[in-house]
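>>> No sequence on hand, only this structure:
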């Protein structure tokens, strides 16, 4: 069964810092990996989707990488802002067409 | 395009009652997935419907059921509610193997 782990569980950084969030998964038979952001009590907002054949995707200050063979993905956030404070979740879509979510990293950016 | 909508947004029920939640996907999306999110267990997959057929199912008891209509709208039903069913219930729609788009969720409180 696919297991998705995110480290760290919580992170607090001063505004302006660059930071990296980690996601690891146990089964490399995936179609894609997706990073989401969730604000308290709200639904999830898609940030980046990486297909299994891709190595990275970029959107603005966000860059996500994927190393399928080692079962790892990272989300890099450049020049963090207080508005980036949220919980970040990664999810993999396995070849059985089912999504598996990590437990998330709670990010606080201090002004 | 309108996003994923869920109704109701908030619900209070008592133990033993049953509840039905509704999800309208983005136009053209035939896949609808349901998730339960709690502080202790994180985001857990309930089931996915595709073209009116249940395609995948998570590890939840039979009290949790769902269906999908010909217009892709989906409903989730929970019978004989328990205190532990209190959670944020999220639905997501997608085209196959692509980005999931989440609704704002229905917050259920069981007293």
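Received, thanks. The model shown is predicted, which means the values in this text are computed figures rather than measured ones.

>>> so where is chain B shaky, pLDDT-wise?
Within chain B, the segments meeting pLDDT under 70 span B:1, B:96-97.

>>> again, 80 this time
Applying pLDDT under 80 to chain B flags the ranges B:1, B:96-98.

>>> mind listing the strands for chain B?
Per DSSP state E, chain B carries strands over the ranges B:5-7, B:10-13, B:19-24, B:31-38, B:42-50, B:53-57, B:64-68, B:74-78, B:87-94, B:101-102, B:106-110.

>>> Quick check: which of those has the most neighbours on average?
strand B:87-94 (a mean of 25; mean count of other Cβ atoms under 10 Å in any protein chain shown). All C-beta atoms are positioned from the backbone trio N, CA, C, and that covers glycine.

>>> Return the distance of that one from the chain's centre.
On the basis of Cα atoms, centre = their mean, to the nearest Å, strand B:87-94 sits 5 Å off its chain's mean C-alpha point.

>>> One more: stretch A:58-76?
For stretch A:58-76, the distance to the chain centre is 7 Å (Cα atoms, centre = their mean).

>>> Could you do stretch B:83-96 as well?
That offset, for stretch B:83-96, works out to 4 Å (Cα atoms, centre = their mean).

>>> From the centroid of chain B, which residue is nearest?
For chain B, residue B:34 is the residue whose C-alpha lies nearest the centre (Cα atoms, centre = their mean; 3.4 Å).

>>> For the residue nearest to that one when sequence neighbours are not counted, which residues are in contact?
The shortest distance from residue B:34 to any non-neighbouring residue, by Cβ to Cβ, 6 or more residues apart in numbering or on different chains, is to residue B:46 (4.1 Å). Neighbour list for residue B:46: B:33-36, B:57-58, B:60, B:64, B:66, B:76 [criterion: Cβ atoms under 8 Å, 6 or more residues apart in numbering or on different chains].

>>> I'd like to know which of those is nearest to chain A.
Chain A lies nearest to residue B:33 out of the contacts of residue B:46, by Cβ to the nearest Cβ, at 6.9 Å.

>>> pretty sure that closest one contacts residue B:101?
No - if you go by Cβ atoms under 8 Å, residue B:33 and residue B:101 don't touch, sitting 10.5 Å apart.

>>> Can you check which residues contact both of the two?
B:92-94.

>>> filter the residues you listed by proximity to chain A?
Filtering the shared contacts of residue B:33 and residue B:101 for neighbours of chain A using Cβ under 8 Å from any Cβ of the partner chain leaves residue B:92.
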